[in-house]
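1. Could you look at this predicted model? Sequence included:
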Amino acid sequence: MCTDGEDHTAKAEEYSLTLAKKFNAEMVGLYVINPFLKKFTNEIYAINRDECREHLDKSLKDEGESALNNLAQKAESEGINITVKMRYGDPEEEILNEMKDFHYDIVIMGGKLLKGWKERFESFNLPERIFRSSPLPVMIVR
């Protein structure tokens, strides 16, 4: 289960928990810290630039830990064995690397419903990119 702690992922988490419970499967929760925002700290020419970077790193890590802890609590309350993992890097690369490094049966992700051509054009649409590149079955829950 690839999670980001966002609302659009909650339904995907429900599906993954239901499947894990139904098939008595172990579950892995993955959160990828995207360093994209950090590159903007290079544009800060203030005395406290290093403090800003440290704060951003801590905030991103805390956000990931919160998302993983929430997923783990839900899994444990259902009696599901779960391992949580956090990776750092480009989300697409890290998710695909996780798939290559470990042999999972299925990957489940949440996806936003993109309305209209403008939203689709502006969206990075990570779930679709993973779906197209994945060597494994991918379930995208909207």
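-> Everything's here; your move. Numbering: from 1, shown residues only.

2. now the strands for the chain?
-> Taking DSSP state E to define them, one finds strands in the chain at 27-33, 82-88, 107-110, 138-141.

3. Format these as a markdown table; extra columns: mean neighbour count and mean pLDDT.
-> (Each C-beta comes from the backbone N, C-alpha and C, glycine too.) Shown next, in a markdown table, are those (neighbours: other Cβ atoms under 10 Å; pLDDT from 0 to 100):
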| stretch | mean neighbour count | mean pLDDT |
| --- | --- | --- |
| strand 27-33 | 22 | 96 |
| strand 82-88 | 16 | 97 |
| strand 107-110 | 24 | 94 |
| strand 138-141 | 17 | 94 |
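
4. okay, the ones you listed in CSV with distance to Y15 next?
-> Compiled in CSV, the strands of the chain are given as follows (distance: least, Cβ to Cβ, whole Å):
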stretch, distance to Y15
strand 27-33, 11
strand 82-88, 15
strand 107-110, 6
strand 138-141, 5
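
5. what's the closest of the ones you listed to H8?
-> Evaluated with Cβ to Cβ, the strands of the chain place strand 107-110 nearest to H8, the distance being 4.8 Å.

6. which residues are contacting that closest one?
-> Residues outside strand 107-110 that contact it (Cβ atoms under 8 Å, 6 or more residues apart in numbering) are 1-4, 6, 8-13, 15-16, 19, 95, 99, 126-127, 130, 134, 136-142.

7. Filter those down to just the buried residues.
-> 1-4, 9, 12-13, 16, 19, 95, 99, 126-127, 130, 138-141 (16 or more other Cβ atoms under 10 Å).

8. pLDDT weak spots in this protein?
-> Scanning the chain for pLDDT under 70 picks out 37-47, 49, 112-124.

9. Spell out the residue ranges of the helices in it.
-> Here the chain has its helices, by DSSP state H, at 7-22, 49-77, 91-101, 116-122, 126-133.

10. can you put those helices in JSON lines and add distance to I33?
-> JSON lines is the format used below for the helices of the chain (distance: least, Cβ to Cβ, whole Å):
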{"stretch": "helix 7-22", "distance to I33": "15"}
{"stretch": "helix 49-77", "distance to I33": "5"}
{"stretch": "helix 91-101", "distance to I33": "9"}
{"stretch": "helix 116-122", "distance to I33": "23"}
{"stretch": "helix 126-133", "distance to I33": "14"}
